[in-house]
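Asks: could you look at this predicted model? Sequence included:
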Amino acid sequence: MFKISRMTDYGVVVMAQLAQASDTVVTAPDLAAGAGLPAPTVSKILKRMSRGGLVTSHRGINGGYALSRPAIEISVADIIRALEGPVEVTACVDGASGDACSVESLCPIRGCWDRVNAAVNRTLRSMSLAEIATPPNFIDLPVTPKRAAPDN
(Lines give C-alpha, C1' and ligand atoms only; values in the text may rest on other atoms or scores of the structure.)
Protein backbone atom coordinates (compact mmCIF):
# COMPACT_ATOMS: atom_id res chain seq x y z
CA MET A 1 0.00 0.00 0.00
CA PHE A 2 1.26 3.43 -0.91
CA LYS A 3 0.28 6.17 1.51
CA ILE A 4 1.65 9.26 3.15
CA SER A 5 2.67 9.16 6.79
CA ARG A 6 0.43 10.38 9.56
CA MET A 7 2.92 13.19 10.25
CA THR A 8 2.59 14.38 6.65
CA ASP A 9 -1.19 14.19 6.83
CA TYR A 10 -1.05 16.33 9.98
CA GLY A 11 1.41 18.65 8.25
CA VAL A 12 -1.04 19.31 5.44
CA VAL A 13 -3.76 20.06 8.00
CA VAL A 14 -1.52 22.52 9.88
CA MET A 15 -0.42 24.19 6.64
CA ALA A 16 -4.05 24.49 5.52
CA GLN A 17 -4.85 26.25 8.80
CA LEU A 18 -2.00 28.69 8.19
CA ALA A 19 -3.26 29.26 4.64
CA GLN A 20 -6.74 30.03 5.95
CA ALA A 21 -5.23 32.48 8.45
CA SER A 22 -3.76 34.33 5.44
CA ASP A 23 -1.11 36.84 6.51
CA THR A 24 -1.84 36.45 10.21
CA VAL A 25 0.79 35.10 12.60
CA VAL A 26 -0.61 32.08 14.47
CA THR A 27 0.87 30.40 17.53
CA ALA A 28 1.72 26.71 17.61
CA PRO A 29 -0.71 26.09 20.52
CA ASP A 30 -3.53 27.78 18.58
CA LEU A 31 -2.76 25.66 15.50
CA ALA A 32 -2.69 22.52 17.66
CA ALA A 33 -6.02 23.37 19.27
CA GLY A 34 -7.61 24.18 15.91
CA ALA A 35 -6.41 20.92 14.36
CA GLY A 36 -7.12 18.80 17.45
CA LEU A 37 -3.48 17.66 17.47
CA PRO A 38 -0.94 17.42 20.28
CA ALA A 39 1.10 20.62 20.64
CA PRO A 40 4.48 18.78 20.47
CA THR A 41 3.47 17.24 17.12
CA VAL A 42 2.49 20.62 15.70
CA SER A 43 5.73 22.17 16.97
CA LYS A 44 7.73 19.41 15.28
CA ILE A 45 5.83 19.95 12.01
CA LEU A 46 6.38 23.71 12.16
CA LYS A 47 10.13 23.27 12.75
CA ARG A 48 10.40 21.06 9.66
CA MET A 49 8.27 23.45 7.62
CA SER A 50 10.49 26.32 8.72
CA ARG A 51 13.64 24.38 7.74
CA GLY A 52 11.97 23.63 4.41
CA GLY A 53 11.34 27.34 3.82
CA LEU A 54 7.55 27.02 3.87
CA VAL A 55 6.82 28.93 7.08
CA THR A 56 8.50 31.74 8.93
CA SER A 57 8.63 31.97 12.69
CA HIS A 58 8.15 35.26 14.49
CA ARG A 59 9.49 35.68 18.00
CA GLY A 60 8.19 37.86 20.77
CA ILE A 61 4.91 38.62 22.45
CA ASN A 62 3.03 38.61 19.14
CA GLY A 63 5.08 35.72 17.81
CA GLY A 64 4.02 32.61 16.02
CA TYR A 65 4.11 31.21 12.49
CA ALA A 66 3.00 32.36 9.06
CA LEU A 67 3.40 31.05 5.54
CA SER A 68 6.65 32.22 3.96
CA ARG A 69 4.92 32.79 0.60
CA PRO A 70 1.35 32.78 -0.71
CA ALA A 71 -0.49 29.45 -0.41
CA ILE A 72 -0.95 29.32 -4.19
CA GLU A 73 2.86 29.11 -4.50
CA ILE A 74 3.24 26.18 -2.08
CA SER A 75 2.57 22.75 -3.55
CA VAL A 76 1.58 19.56 -1.79
CA ALA A 77 4.91 18.19 -3.05
CA ASP A 78 6.70 21.00 -1.15
CA ILE A 79 4.94 19.99 2.07
CA ILE A 80 5.73 16.30 1.64
CA ARG A 81 9.36 17.08 0.78
CA ALA A 82 9.73 19.23 3.92
CA LEU A 83 8.43 16.43 6.14
CA GLU A 84 9.58 13.23 4.44
CA GLY A 85 12.06 14.12 1.72
CA PRO A 86 11.58 13.50 -2.00
CA VAL A 87 8.60 11.49 -3.20
CA GLU A 88 9.90 8.18 -4.56
CA VAL A 89 7.46 5.34 -5.20
CA THR A 90 10.28 2.76 -5.14
CA ALA A 91 13.99 2.74 -4.37
CA CYS A 92 14.86 2.16 -8.03
CA VAL A 93 13.42 5.28 -9.68
CA ASP A 94 15.82 7.66 -11.40
CA GLY A 95 17.37 10.01 -8.87
CA ALA A 96 16.19 8.01 -5.85
CA SER A 97 18.06 8.61 -2.64
CA GLY A 98 19.41 5.85 -0.44
CA ASP A 99 20.96 2.52 -1.26
CA ALA A 100 20.73 1.11 -4.75
CA CYS A 101 18.81 -2.12 -5.28
CA SER A 102 21.06 -5.19 -5.25
CA VAL A 103 19.40 -6.67 -8.36
CA GLU A 104 18.97 -3.44 -10.29
CA SER A 105 21.21 -4.51 -13.19
CA LEU A 106 19.19 -7.74 -13.66
CA CYS A 107 15.70 -6.33 -13.05
CA PRO A 108 13.28 -6.95 -15.93
CA ILE A 109 11.16 -3.87 -15.04
CA ARG A 110 14.08 -1.53 -14.43
CA GLY A 111 12.99 2.00 -15.29
CA CYS A 112 9.26 1.19 -15.51
CA TRP A 113 8.51 2.88 -12.20
CA ASP A 114 10.00 6.15 -13.44
CA ARG A 115 6.79 7.03 -15.33
CA VAL A 116 4.65 6.30 -12.26
CA ASN A 117 6.97 8.29 -10.03
CA ALA A 118 6.98 11.21 -12.49
CA ALA A 119 3.16 11.19 -12.68
CA VAL A 120 2.79 11.16 -8.89
CA ASN A 121 5.30 13.99 -8.51
CA ARG A 122 3.69 16.01 -11.31
CA THR A 123 0.28 15.68 -9.66
CA LEU A 124 1.57 16.63 -6.21
CA ARG A 125 3.43 19.65 -7.66
CA SER A 126 0.26 20.76 -9.48
CA MET A 127 -1.85 20.81 -6.29
CA SER A 128 -1.39 24.02 -4.34
CA LEU A 129 -1.89 24.56 -0.64
CA ALA A 130 -4.52 27.15 -1.61
CA GLU A 131 -6.55 24.38 -3.29
CA ILE A 132 -6.20 22.08 -0.30
CA ALA A 133 -7.11 24.83 2.18
CA THR A 134 -10.30 25.76 0.32
CA PRO A 135 -13.28 23.53 1.06
CA PRO A 136 -14.82 21.95 -2.02
CA ASN A 137 -17.68 23.84 -3.60
CA PHE A 138 -20.62 21.48 -3.35
CA ILE A 139 -22.93 23.90 -5.16
CA ASP A 140 -21.44 22.87 -8.51
CA LEU A 141 -22.43 19.23 -8.04
CA PRO A 142 -25.28 18.01 -10.24
CA VAL A 143 -28.58 17.86 -8.40
CA THR A 144 -31.01 15.04 -9.04
CA PRO A 145 -34.55 16.44 -9.27
CA LYS A 146 -37.02 15.12 -6.74
CA ARG A 147 -39.79 13.00 -8.11
CA ALA A 148 -43.31 14.09 -7.45
CA ALA A 149 -45.16 11.92 -4.98
CA PRO A 150 -47.75 9.76 -6.72
CA ASP A 151 -51.38 10.70 -6.10
CA ASN A 152 -53.31 7.94 -4.36
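Replies: On my side now, so go ahead.
Asks: can you give me the end-to-end span of stretch 52-61?
Replies: 24 Å (Cα to Cα, to the nearest Å).
Asks: other residues contacting that stretch?
Replies: 15, 18, 25, 46, 49-50, 63-69, 74, 78-79, 81-83 (Cβ atoms under 8 Å, 6 or more residues apart in numbering). No exception for glycine: its C-beta is placed from N, CA and C like everyone else's.
Asks: repeat that for stretch 5-14.
Replies: Stretch 5-14 has contacts (Cβ under 8 Å, 6+ apart) with 31, 35, 37, 41-42, 44-46, 48-49, 76, 79-80, 82-84, 132.
Asks: what comes up buried for it?
Replies: Going by neighbour count (16 or more other Cβ atoms under 10 Å), the buried part of stretch 5-14 is 8, 10-14.
Asks: from the contacts of stretch 52-61, which land in helices?
Replies: Among those, the residues falling in helices (DSSP state H) are 15, 18, 46, 49-50, 78-79, 81-83.
Asks: what's the PyMOL line that selects buried ones from the residues you listed?
Replies: A single PyMOL command selects the buried members of those (16+ other Cβ under 10 Å):
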select buried, resi 15+18+46+49+78+79+81+82+83
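Asks: nothing else from me, thank you.
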